[in-house]
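Participant: need a 3D model of the sequence below.
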Amino acid sequence: MERAEGSLLLSAQLRLDLPDAVIETLEKGIPVHFVVAADVVRQRWYWFDQTTVSARRYMRVVYLPLTRRWRVNMASNPVLDSGLGVSYAQNFDTLDEALAAISRIARWRISALSDIDEARQTLHFSFMLDTQRLPRALQLGVAGRPEWNVGLERNVDLAFGDGQ
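Facilitator: Model (predicted):
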């Protein structure tokens with residue numbers, strides 16, 4: 001976490017080891033979607049914790065058999081398979097290069113510092129495979145199978161009162 005230019009920025013390097021079932025699906029040319037979520041939560045002793053800021057990044061990885069290349073789309077809204085919508089797309093020669101691109105998060109702007117107050121807050125970070133975006137036939141096959149539970153979560157306390 002970093003505070004710069006009036007914003008709260010997140011940088012991370014994830015160690016991403018996909019199960020064989022997910023890799024086989026990708027190699028068949030079926031798009032696989034991932035979601036990165038960052039929620040700033042204000043802890044309250046008298047009621048449930050309050051989410052003050054919520055940011056999402058959506059990624060789609062797909063193999064293009066005609067060109068024998070991998071395409072990664074990134075957007076702040078879900079990436080549509082129809083090609084509509086606004087997203088950043090980049091092509092890679094290997095699956096490892098494509099996975100390295102989605103596992104690096106550099107200076108992602110979570111929110112403006114003015115949106116976060118000085119109270120004790122925690123950042124809830126998660127990276128997960130979005131099985132709801134798989135084709136319907138595949139969704140039925142992945143239900144209850146642990147190799148499709150790809151994800152990680154991390155909580156970071158944000159200390160704003162110490163002059164950082």
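Participant: what's the first helix or strand after the lowest-mean-pLDDT helix or strand in the chain?
Facilitator: Least confident helix or strand of the chain, by mean pLDDT, DSSP states H and E, is helix 136-142 with a mean of 75. Sequence-wise, the next helix or strand downstream of helix 136-142 (DSSP states H and E) is strand 151-158.
Participant: name the residues that touch that following strand?
Facilitator: Identification of contacts with strand 151-158 by CB atoms under 8 Å, 6 or more residues apart in numbering yields 1, 8, 14, 40, 116, 120-129. Any C-beta I mention is one placed from the backbone N, CA and C, and that applies to glycine too.
Participant: convert the C-alpha atoms of that strand to CSV, please.
Facilitator: Only the C-alpha atoms of strand 151-158 are listed here, as CSV (Å, rounded to 0.1, in the frame of the first residue of the first chain):
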residue,chain,number,x,y,z
GLY,A,151,-8.1,-17.5,-5.2
LEU,A,152,-6.3,-15.8,-2.4
GLU,A,153,-7.2,-13.2,0.2
ARG,A,154,-5.2,-10.9,2.4
ASN,A,155,-6.0,-8.2,4.9
VAL,A,156,-3.8,-5.2,5.5
ASP,A,157,-4.3,-2.7,8.4
LEU,A,158,-4.2,0.9,7.2
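Participant: and that strand, what's buried?
Facilitator: Within strand 151-158, the residues that qualify as buried are L158, counting by 16 or more other CB atoms under 10 Å.
Participant: so what pLDDT did the residue most central in space within the chain get?
Facilitator: Using CA atoms, centre = their mean, the residue of the chain that lies closest to the mean C-alpha position is V36, 1.7 Å off. V36 carries a pLDDT score of 96 in this model.
Participant: ok, for it, nearest residue in space, not its chain neighbours?
Facilitator: Once flanking residues are discounted, V36 sits nearest to R57: 4.3 Å by CB to CB, 6 or more residues apart in numbering.
Participant: shouldn't the one you found be within a helix?
Facilitator: No: counting by DSSP: H, G, I helix; E, B strand; the rest coil, R57 falls outside a helix, being strand.
Participant: right, and it touches A12 too?
Facilitator: No: between R57 and A12 there is no contact under CB atoms under 8 Å: 11.1 Å.
Participant: and for these two, which residues touch both?
Facilitator: With contacts defined as CB under 8 Å, 6+ apart, the residues adjacent to both R57 and A12 are I105.
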